[in-house]
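Peer 1: I would like the atomic coordinates for the input below:
(chains A and B)
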Amino acid sequence: KAGVTQTPRYLIKTRGQQVTLSCSPISGHRSVSWYQQTPGQGLQFLFEYFSETQRNKGNFPGRFSGRQFSNSRSEMNVSTLELGDSALYLCASSQGSFETDTQYFGPGTRLTVL
Amino acid sequence: QQPVQSPQAVILREGEDAVINCSSSKALYSVHWYRQKHGEAPVFLMILLKGGEQKGHEKISASFNEKKQQSSLYLTASQLSYSGTYFCGTDSGGSNYKLTFGKGTLLTVNP
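Peer 2: Here you go, the predicted model:
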């Protein structure tokens, strides 16, 4: 099976812009979770989508949003970018709930905000 | 709250053993362990669930003490490929479950 894919792999934006990141899960996986990874804060949970519904959300401002499509592909949107949003954004997929199932991570999207 | 991992870093020679600990101040439903090599995505190692169920790789073992809210990852007969940063992620269950990760333990295995 193909692994989790994320596009684009690298992105450079300026403050105030918005960005959309895409994640294609492993075939058959219904759960997609998003994480932000930075050297200072480490790995932080953003949200989880399961069958097109957001099930859980981390402690991030409303500028961070996402959605999931009927084919389980997911997008994450960040509006009004700030310098602190520079990070590696990872998505992970699992068959069922990530709470009890193995998560498979994608390679990530490296976002740089100037 | 973020779980606390210890040690922060450890250096081993091939064949030596290591233990990485993860401690939480909250009651836990599950503990997840991942390894991440530099420039790569995290890779799943193990899930430990409240009640004793474990899912993971055969060559890696871990323990979950629910009463103490602690988990330990045991790496035996280390290999060069074990090098990387190990993260534990904890989940307290409930309707808004989420994984909260520790800062990581950097493991270096030298020949």
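
Peer 1: model confidence for residue 2, exactly?
Peer 2: All of this refers to chain A. Per-residue confidence (pLDDT) for A:Ala2: 82.

Peer 1: wrong chain, I was asking about chain B
Peer 2: According to the model, B:Gln2 scores 90 on pLDDT.

Peer 1: same question for the one 10 residues further on.
Peer 2: Here, the pLDDT recorded for B:Leu12 equals 95.

Peer 1: mind checking the SS state of it?
Peer 2: With DSSP: H, G, I helix; E, B strand; the rest coil as the basis, B:Leu12 sits in strand.

Peer 1: so who does it touch?
Peer 2: B:Ala18, B:Ser78, B:Tyr82, B:Leu107, B:Thr108, B:Val109, B:Asn110 (CB atoms under 8 Å, 6 or more residues apart in numbering or on different chains). From N, CA and C alone the C-beta is placed, and that goes for glycine too.

Peer 1: surely the first one meets B:Ile11?
Peer 2: No - the criterion here is CB atoms under 8 Å, and B:Ala18 misses it with B:Ile11 at 9.5 Å.

Peer 1: give me the more crowded residue out of these two.
Peer 2: B:Ala18 (18 against 12; other CB atoms under 10 Å in any protein chain shown).

Peer 1: can you give me the strands in chain A?
Peer 2: A:5-7, A:10-13, A:19-24, A:31-38, A:42-50, A:53-57, A:64-68, A:74-78, A:87-94, A:104-105, A:109-113 (DSSP state E).

Peer 1: the longest one - what's its average pLDDT?
Peer 2: Across strand A:42-50, the average pLDDT comes to 93.

Peer 1: how far off strand A:64-68 does it point, in degrees?
Peer 2: 40 degrees (axes from the mean of the first three to the mean of the last three CA atoms, to 10 degrees).

Peer 1: please apply the same query to the last one.
Peer 2: Here the directions of strand A:109-113 and strand A:64-68 differ by 150 degrees (the same axes, to 10 degrees).

Peer 1: got a markdown table for the strands of chain A, with distance to chain B too?
Peer 2: Formatted as a markdown table, the strands of chain A follow (distance: least, CB to the nearest CB, whole Å):
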| stretch | distance to chain B |
| --- | --- |
| strand A:5-7 | 9 |
| strand A:10-13 | 13 |
| strand A:19-24 | 12 |
| strand A:31-38 | 8 |
| strand A:42-50 | 4 |
| strand A:53-57 | 5 |
| strand A:64-68 | 14 |
| strand A:74-78 | 16 |
| strand A:87-94 | 6 |
| strand A:104-105 | 4 |
| strand A:109-113 | 10 |
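
Peer 1: count the residues that sit near A:Gln95.
Peer 2: 16.

Peer 1: what's near enough to touch it?
Peer 2: Contacts of A:Gln95 (CB under 8 Å, 6+ apart): A:Gly28, A:His29, A:Arg30, A:Ser31, A:Asp101, A:Thr102.

Peer 1: among the residues you listed, name the buried ones.
Peer 2: Buried members of the contacts of A:Gln95, scored by 16 or more other CB atoms under 10 Å in any protein chain shown, are A:His29, A:Arg30, A:Ser31, A:Asp101, A:Thr102.
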